[in-house]
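Student: dropping the sequence and predicted coords here.
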Amino acid sequence: MRRLFLISICIVFLMTSAVLHAQEKRVPLGNGNFAVKLDYIAFTDSGFDKRGTEDDGLYIGLEGYAKILPNLYLGGEVGGAVNVDVFGEEISFFPLELNSKYAIEFARNFVVDFGAGVSYSYAKLQERSLFFGSGRERSDWLLGGQFFADLTYKIQWFSIGVNAKYQITEGFRNEGINLNNLESVHR
């Protein structure tokens, strides 16, 4: 599965560079693009349902991209998600991402972009109880990848937008679960 995912990412990068030559020489997001992201995150593994754990929460992130070719940007994101569940298990998730994205201005001041990348995420699972406090705690570093799409409205130096991202991670150490997640972001 990992090999297929990494091969898919390589194909996306190669196809994106081939499409670049057919596009005009505009720079839709400027020479750089930085954003603060406030987001809803939902973990998709059904293992959390069996444990009675809430599998969603708040995500806060910072992203930055630099133009490497017209319409093509390279950058990354760092963020954190904490899901506080009093009766089940608390999930803490902190991804570090390296991404490439392709941006197109499809209408005046509106930019759509899509991309993919790799991630290395720190995750911690901690059992919680209303009366007994914290219980067993486990943590792991997870290799993964993501693909995403953004819609941005530009107002001079300021922009606002929405995006959706699906992130795939390797399995959490000896737990039989993964921390694949879906984010919908407002920035």
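Tutor: Happy to help now that I have it.
Student: show me the shaky parts of the protein.
Tutor: 1-26, 48-55, 84-87, 128-134, 185-187 (pLDDT under 70).
Student: now do the helices in it.
Tutor: All helices of the chain, identified by DSSP state H, fall at 2-20, 47-50.
Student: chain center to the longest strand along the chain, what's the gap?
Tutor: Assignment by DSSP state E gives strand 133-155 as the longest strand of the chain. Offset of strand 133-155 from its chain centre (Cα atoms, centre = their mean, to the nearest Å): 5 Å.
Student: wait, Thr99 sits on Asp113?
Tutor: Rather than Thr, residue 99 is Asn. No: Asn99 lies out of contact with Asp113 (Cβ atoms under 8 Å); the separation is 10.3 Å. Quick note: C-beta positions are derived from backbone N, CA and C, even for glycine.
Student: from Gly32, how far off is the closest residue to Gly115 other than its chain neighbours?
Tutor: Leaving aside its sequence neighbours, Gly115 sits nearest to Lys101 (Cβ to Cβ, 6 or more residues apart in numbering; 3.0 Å). For Lys101, the distance to Gly32 equals 13 Å [Cβ to Cβ, to the nearest Å].
Student: okay, and the common contacts of these two?
Tutor: Overlap of the contact sets of Lys101 and Gly32 (by Cβ atoms under 8 Å, 6 or more residues apart in numbering) consists of Tyr65.
Student: between those two, who's got more neighbours?
Tutor: Shown here are Lys101 and Gly32; by other Cβ atoms under 10 Å, Lys101 has more neighbours (23 against 11).
Student: OK, contacts around that one?
Tutor: 65, 72-73, 75, 113-115, 148, 150.
Student: report the buried members of those residues.
Tutor: Buried by 16 or more other Cβ atoms under 10 Å: 65, 72-73, 75, 113, 115, 148, 150, out of the contacts of Lys101.
Student: ok, so of the contacts of Lys101, who is nearest Glu90?
Tutor: Relative to Glu90, the closest of the contacts of Lys101 is Phe148; by Cβ to Cβ it sits at 25.8 Å.
Student: pretty sure the closest one is in contact with Gly161, am I right?
Tutor: No: using Cβ under 8 Å, Phe148 makes no contact with Gly161, being 11.7 Å away.
Student: enumerate the beta-bridge partners assigned to Asn83.
Tutor: Ile91 (DSSP bridges).
Student: going forward, the N-terminal residue is numbered 134.
Tutor: Got it, the first residue is 134 from now on, which makes the last one we talked about Asn216.
Student: report the contact partners of it.
Tutor: Listed by Cβ under 8 Å, 6+ apart, the contact partners of Asn216 are 174, 176, 187-191, 223-225.
Student: contacting residues around the closest residue to Tyr255 other than its chain neighbours?
Tutor: Once flanking residues are discounted, Tyr255 sits nearest to Phe227: 4.5 Å by Cβ to Cβ, 6+ apart. Phe227 makes contact with 211-214, 254-256, according to Cβ under 8 Å, 6+ apart.
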